[in-house]
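Colleague: here are the coordinates; sequence isn't available:
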């Protein structure tokens, strides 16, 4: 396995966590959004990860033949929460129905914040892995001097 291939694995993890963090921030920002351009309250979104083969821009033909099955992570799909919205009795609200209830998204900002902290830690772990590989490459170059 090439050190450069390891960089690609960590880069794929960073990209996946960045996309997850983006959706989590969007969920927190819209936790109280009762009206969207599509109509109705905001619907919470999340990502589903999958294992993907890693293509290294640094890999040679020889490396790709000797390290088959090297996988990273990617986003397979973005899922939208299709549960019924939460109803709150707010008769003076502009989006209230005739009975006085307003439909709010089923978003939990506290849960999304915990998930965001996990995404940030996973992103940081990939950064640390890249830094370690970079250090190994630098030490290898120093040995060859």
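Modeller: Received the coordinates, thanks. Predicted model, so just to flag it, every value in this text is computed and none were measured. Numbering: from 1, shown residues only.
Colleague: and the strands in the protein?
Modeller: 45-53, 71-80, 86-89, 101-104 (DSSP state E).
Colleague: helices and strands of this protein: which one has the lowest mean pLDDT?
Modeller: One helix or strand of the chain scores below all others by mean pLDDT, DSSP states H and E: helix 61-66, with a mean of 51.
Colleague: quick revisit: nearest to residue 136, out of the strands of the chain?
Modeller: For those, the distance to residue 136 is smallest for strand 71-80, at 18.7 Å, taking C-beta to C-beta. Using the backbone N, CA and C atoms, a C-beta is placed for each residue, glycine as well.
Colleague: same for that closest one, what does it pack against?
Modeller: helix 3-29, strand 45-53 (3 or more C-beta pairs under 8 Å, 6 or more residues apart in numbering; DSSP states H and E).
Colleague: which one of the ones you listed lies closest to residue 136?
Modeller: helix 3-29 (5.9 Å).
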